[in-house]
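# Predicted structure and sequence below. I'll ask about it afterward.
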Amino acid sequence: MKPRTLAQTLVIALIGIVMANWILAVRLGNTVPHVFQRHVASCSHVETVAIGNSVIAAGFDVSAFDQVAGGTSCNAGLGGVGFVQQYVVWRLVAENNAGIKRLVLGTFDHSLTSMKPSHWTTWHSNDALAFYVDPSWAVRYGCVNKADEMAFRVMRHIPMFTERGGLWGKVEHLRRLLGSTGMPATDSNRFGRVADSALLLKDNMELFEWTSLQAIQNHAALTAPVADLLSEARQKGILTFIVLMPLPKERHKFYATPAWKAYVGYLRGLIAESGSQLIEATDWSESPKDFDDSVHLSKTGAALFSKRLAETISHLP
């Protein structure tokens, strides 16, 4: 190939790539993490902020909580994200609000002490939120060295990479739509198929107990993003409450085991050392009507939980 022809081909390819990135940036500007970022930016002058994944997104009822606690609150829960992204949410909220008095972090089971390694190349869909904000917030958790950090700082500006989750989400939606043609409808809610929610929980009692005891025996620490979040909140004088969220009644047998009770005691000590308090709300909701699936509270359940949470917090020292 002649040099001139090669140059023309490269220019055309470059233009094509730039156009593709521009189109993706425009067309996918209203995906969940982008909308969520704007939502958090609108949460100004709030006194209570609730952070977490989908269990908080579904379970924290702002109106019900404010009715009991007074003041104003913000639900900053985002489904399908890990603690790195939850730390990013904390930074976003803290940046927009100087008067936060209370911080609620909702989670379940052993997640506070058993976060899997999270590399930035695996962040997509809602986890992509970390690409849209100050890179220094997430870089320490998702990069292994300086070269990796440089790659992260470059790739966060390329929509073909950062928005791939949104694009794949549309493809997956179409695939499921076509795959369900002629089949009975499956139950779903805003977090996806109801049946998929059960995959978030360990359903093996022995494994559940083993995980509880291993955390104690190995002197497991709070995951780094959570530890940093609690430390920064404490420095700002914010009262922080870690909430083990309610789960359906059939799950309560897991929380009645001696191993779990020992784990909660151990966890309570870790959290107290950070200047925060643990609220075990796993059995606060027992009615099937309080849940939309195996993990997420319904609107009715969320309202009841949020009122009780506000009352509980008001009586804590």
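Good, I have the coordinates.
# Surely F241 is within a helix?
No. Applying DSSP: H, G, I helix; E, B strand; the rest coil, one finds F241 to be strand, outside a helix.
# which stretches of the stretch 101-250 of the chain have low pLDDT?
166-200 (pLDDT under 70).
# And the strands in it?
All strands of the stretch 101-250 of the chain, identified by DSSP state E, counting those that start in this stretch, fall at 102-107, 188-189, 192-193, 239-244.
# Any chance of CSV for those, columns distance to E232 and mean neighbour count?
C-beta: built from backbone N, CA, C; applies to glycine. Below are the strands of the stretch 101-250 of the chain laid out as CSV (distance: least, Cβ to Cβ, whole Å; neighbours: other Cβ atoms under 10 Å):
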stretch, distance to E232, mean neighbour count
strand 102-107, 10, 24
strand 188-189, 33, 14
strand 192-193, 32, 14
strand 239-244, 10, 22
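# Dump those strands into a markdown table; add distance to H157 as well.
Converted to a markdown table, the strands of the stretch 101-250 of the chain look like this (distance: least, Cβ to Cβ, whole Å):
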| stretch | distance to H157 |
| --- | --- |
| strand 102-107 | 30 |
| strand 188-189 | 34 |
| strand 192-193 | 30 |
| strand 239-244 | 34 |
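# List the residues that contact the most centrally placed residue in the chain.
By Cα atoms, centre = their mean, the chain has its centre lying nearest to N53, at 2.9 Å. Contact analysis of N53 by Cβ atoms under 8 Å, 6 or more residues apart in numbering lists 77-82, 86, 107.
# Now, the residues you listed that are in helices?
Among the contacts of N53, the members falling in helices are Q86 (criterion: DSSP state H).
# so which of the contacts of N53 comes closest to F305?
Nearest to F305 among these: G77, at 12.8 Å, using Cβ to Cβ.
# rewinding a little: which of the contacts of N53 sits closest to H157?
Using Cβ to Cβ, these come closest to H157 at V81, 21.1 Å.
# which residues touch the closest one?
53, 89, 126-127, 129.
# can you pull the pLDDT of it?
pLDDT, V81: 93.
# What's the local residue count around G237?
9 (other Cβ atoms under 10 Å).
# Can you tell me how far it is from G99?
Separation of G237 from G99 (Cβ to Cβ, to the nearest Å) stands at 11 Å.
# same question, L105
19 Å.
# re earlier: strands - which of the contacts of N53 land there?
Members of those lying in strands (criterion: DSSP state E): 77, 107.
# out of the contacts of N53, who's nearest G269?
Closest to G269, out of all of those and judged by Cβ to Cβ, is T107, at 16.9 Å.
# which residues does the closest one bridge with?
L244 (DSSP bridges).
# What residues does it make contact with?
T107 neighbours (Cβ under 8 Å, 6+ apart): 52-53, 55, 242-245.
# ok, now V88?
129-130, 133, 137-138.
# Quick check: D61 touching T300?
No. Judged on Cβ atoms under 8 Å, D61 makes no contact with T300 at a distance of 9.6 Å.
# okay, those two: which has more neighbours?
D61 (24 against 15).
# what are the ranges of the helices in the protein?
Going by DSSP H, the chain shows helices at 3-27, 32-42, 54-59, 62-69, 83-96, 139-142, 146-155, 159-162, 164-179, 205-217, 224-235, 252-255, 258-273, 299-315.
# With distance to H119 as new columns, can these be given to me in JSON lines?
Listed next are the helices of the chain as JSON lines, based on distance: least, Cβ to Cβ, whole Å:
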{"stretch": "helix 3-27", "distance to H119": "22"}
{"stretch": "helix 32-42", "distance to H119": "18"}
{"stretch": "helix 54-59", "distance to H119": "22"}
{"stretch": "helix 62-69", "distance to H119": "34"}
{"stretch": "helix 83-96", "distance to H119": "10"}
{"stretch": "helix 139-142", "distance to H119": "6"}
{"stretch": "helix 146-155", "distance to H119": "8"}
{"stretch": "helix 159-162", "distance to H119": "14"}
{"stretch": "helix 164-179", "distance to H119": "15"}
{"stretch": "helix 205-217", "distance to H119": "23"}
{"stretch": "helix 224-235", "distance to H119": "14"}
{"stretch": "helix 252-255", "distance to H119": "30"}
{"stretch": "helix 258-273", "distance to H119": "25"}
{"stretch": "helix 299-315", "distance to H119": "33"}
